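>>> with the input below, show me the fold.
(chains A and B)
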Amino acid sequence: DAGVIQSPRHEVTEMGQEVTLRCKPISGHNSLFWYRQTMMRGLELLIYFNNNVPIDDSGMPEDRFSAKMPNASFSTLKIQPSEPRDSAVYFCASSNTSWGTKNTEAFFGQGTRLTVV
Amino acid sequence: KNEVEQSPQNLTAQEGEFITINCSYSVGISALHWLQQHPGGGIVSLFMLSSGKKKHGRLIATINIQEKHSSLHITASHPRDSAVYICAVNSGGGADGLTFGKGTHLIIQP
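Numbers count the residues shown, from 1 in each chain, chains lettered A, B, ... in the order given. Coordinates of the predicted model:
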């Protein structure tokens, strides 16, 4: 398997523009996570899905952020409108949890480095 | 919300030295993860553990549930071990997301 695939790897956009980050989880994994990493706050959970259903979006900073998982092999994180303080590295991760298994290893994508100018 | 503290924040050592990175957390967990992040690179999972000790090559991870503390050890350290090491925990009973420490920036000098 190619692992978790994120696109784009780098994104530079102007303030006010819409930004869409994409993620393809590892085939067969049923949990998907979006994280954000900044120098000030480190890594933070934004939202996670289980079987394509959003379970916890309490980490999403504002209504400008939205995430979808239309099927088991694709998820998007959208920021509209973008602001300079959204500049960060956004990671997608996936894992495979089954009945009776509380936690399993998470596999991370390479991240998308977003710069909003 | 679980608080995850790591120490030290920065560590510089000579090749061959034994390295220890510590992690403590504030409330009960279901699992603890050690992750490695290279400059400009992605994040790789090194260990996931909920009790005892795990070993993989020169890396050893231990956890003491009663003391809410974990350690990551690197034996015979090498410059290629230079990276940021991040401790993270699952706090919930199900497949929840991770809460992260701030990371330990390790530099191994030849």
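
>>> beta partners of A:Leu21?
A:Leu77 (DSSP bridges).

>>> from memory it sits against A:Thr76, does it?
Yes. With contact taken as CB atoms under 8 Å, A:Leu21 and A:Thr76 are classed as touching, separated by 6.7 Å. Every C-beta, even on glycine, is put in place using the N, C-alpha and C of the backbone.

>>> which residues touch whatever helix or strand A:Pro54 lives in?
With the criterion set as DSSP states H and E, the secondary-structure element containing A:Pro54 is strand A:53-56. Applying CB atoms under 8 Å, 6 or more residues apart in numbering or on different chains, the external contacts of strand A:53-56 come out as A:Leu45, A:Ile47, A:Tyr48, A:Phe49, A:Ala67, A:Met69, B:Asp96, B:Gly97.

>>> ok but the first one is inside a helix, no?
Which is A:Leu45. No. Assignment of A:Leu45 by DSSP: H, G, I helix; E, B strand; the rest coil gives strand, placing it outside any helix.

>>> right, and it touches B:Val89 too?
No. Using CB under 8 Å, A:Leu45 makes no contact with B:Val89, being 11.4 Å away.

>>> overlap of the contact sets of the two?
Once CB under 8 Å, 6+ apart is applied, the residues that A:Leu45 and B:Val89 both contact turn out to be B:Leu98, B:Thr99.

>>> so these two - more neighbours on which side?
B:Val89 (26 against 21; other CB atoms under 10 Å in any protein chain shown).

>>> confidence score at A:Pro70?
Each residue has a pLDDT score; the one for A:Pro70 is 97.

>>> would you quantify the distance from it to chain B?
As judged by CB to the nearest CB, to the nearest Å, A:Pro70 and chain B stand 20 Å apart.

>>> name the nearest residue to that residue, sequence neighbours excluded.
Excluding the flanking residues, the one nearest A:Pro70 by CB to CB, 6 or more residues apart in numbering or on different chains is A:Asn52, at 7.5 Å.

>>> list the contacts for the one you found?
A:Met69, A:Pro70, A:Asn71, A:Ala72 are the contacts of A:Asn52 under CB under 8 Å, 6+ apart.

>>> tell me, how many residues neighbour the first one?
By the criterion of other CB under 10 Å, A:Met69 has 21 neighbours.

>>> how about the second one?
Other residues near A:Pro70 come to 9 when the count uses other CB under 10 Å.

>>> element containing it, please.
strand A:65-71.

>>> and that strand, what does it pack against?
Packed against strand A:65-71 by the contact rule (3 or more CB pairs under 8 Å, 6 or more residues apart in numbering or on different chains; DSSP states H and E) you find strand A:42-50, strand A:53-56, strand A:74-79.
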